[in-house]
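J.: Sequence first, then the predicted structure:
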Amino acid sequence: MVQYKVIDNIAWVTLNRPDKQNALNYDMFRQLAHSIKQIKSNRQLRAAVIQGEGLHFCSGLDVQSVTKHPSQIFKLLFKLLPGNQNLVQKVVLGWRTLPVPVYAILQGNCLGGGLHIALGADFRIAHPNTQVAIMESRWGLCPDMGTSIVLPSYVKQDHALAMALSAERIPAVQALEFGLISKIDQNPLAYVKQHIDSLSCHSPDALAAIKQLYNRAYQPVTRQLLWRETWYQIKLLCSKNTRIAMKNGVKNNEKQPYFERAKWK
């Protein structure tokens, strides 16, 4: 479901579940984390590319698949220490640790977990038909994939908050204006290949040093923030209102009223 290939010293990581718009199940999270490890250990690589097979990059979490197996939710969120990265955070923040430039090629739906994974890339090149959304609030949940660390360097707080609260899709042009994507191009694949070629004349050590330096400057990892993401998600998963939101989020279901808000701090 996640294909990993190396061609001409470029790692190609492909979400390959086109019949489900490349929706993420548990196995895909594991395979993405493994791909990141493979890239990190290969010192011959000059770049990495994340892409989706078919018409869409990724429609987000396959909620039905994951909720059928409650143990998978535990495995996705589990961490040995509060400030460590769990599996869902690794498949976003892991791209930031790689010593090569990482590109995400986007088209069609780039929603929820798909957008979070794309935000982990250094450059996000989108086809004009791309739509993006932060979807968690639709299901009564909060974003918990590490992008609370990444987003502040891309997006103004009011834009990020509005997207996360509403769960509404926005088109590529607006996503570019917000800073969620790097460039819109009719042929994102050709653009990425050309951009990688343009960097081939530079020392791979210099590129690695520059990337690590700028990542530390723009996105300092805060262990407390990683823990708070996970803790809020666990608290929401135990909430009566989340169970209502899950039902309300399904199209054509009769909308149910929510209970009084819990205490948050």
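T.: Great, that's in hand.
J.: Run through the helices of the stretch 51-200 of the chain in chain order.
T.: Taking DSSP state H, counting those that start in this stretch, the helices of the stretch 51-200 of the chain run over residues 63-67, 70-77, 87-93, 113-119, 147-150, 157-166, 172-178, 188-199.
J.: lowest-pLDDT helix or strand in the protein?
T.: Lowest by mean pLDDT, DSSP states H and E among the helices and strands of the chain is helix 63-67, with a mean of 80.
J.: So for it, what gets flagged as buried?
T.: Buried residues in helix 63-67, counted by 16 or more other Cβ atoms under 10 Å: 63, 65-66. Glycine gets a C-beta too; all of them are placed from N, C-alpha and C.
J.: about what we covered before: indicate which one of the helices of the stretch 51-200 of the chain is closest to residue 99.
T.: helix 188-199 (13.0 Å; Cβ to Cβ).
J.: The closest one packs against which elements?
T.: strand 47-52, strand 102-106, strand 123-126 (3 or more Cβ pairs under 8 Å, 6 or more residues apart in numbering; DSSP states H and E).
J.: Mind doing that once more with 7 Å?
T.: Packing contacts for helix 188-199, counted by 3 or more Cβ pairs under 7 Å, 6 or more residues apart in numbering; DSSP states H and E, involve strand 102-106, strand 123-126.
J.: Run through who's touching the shortest one.
T.: Defining contact as Cβ atoms under 7 Å, 6 or more residues apart in numbering, one finds that strand 123-126 is touched by 101, 103-106, 118, 172, 181-185, 188, 191-192.
J.: now do stretch 229-236
T.: Contacting residues not belonging to stretch 229-236 are listed as 77, 79, 86, 140-142, 144, 148, 242 [Cβ under 7 Å, 6+ apart].
J.: With only the CA atoms kept, save it in CSV.
T.: Extracted in CSV, the C-alpha atoms of stretch 229-236 (Å, rounded to 0.1, in the frame of the first residue of the first chain):
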residue,chain,number,x,y,z
GLU,A,229,-1.3,16.7,21.0
THR,A,230,-1.5,13.1,22.1
TRP,A,231,-3.1,13.8,25.5
TYR,A,232,-5.8,15.9,23.9
GLN,A,233,-6.6,13.2,21.4
ILE,A,234,-6.8,10.5,24.0
LYS,A,235,-9.1,12.7,26.1
LEU,A,236,-11.3,13.4,23.0
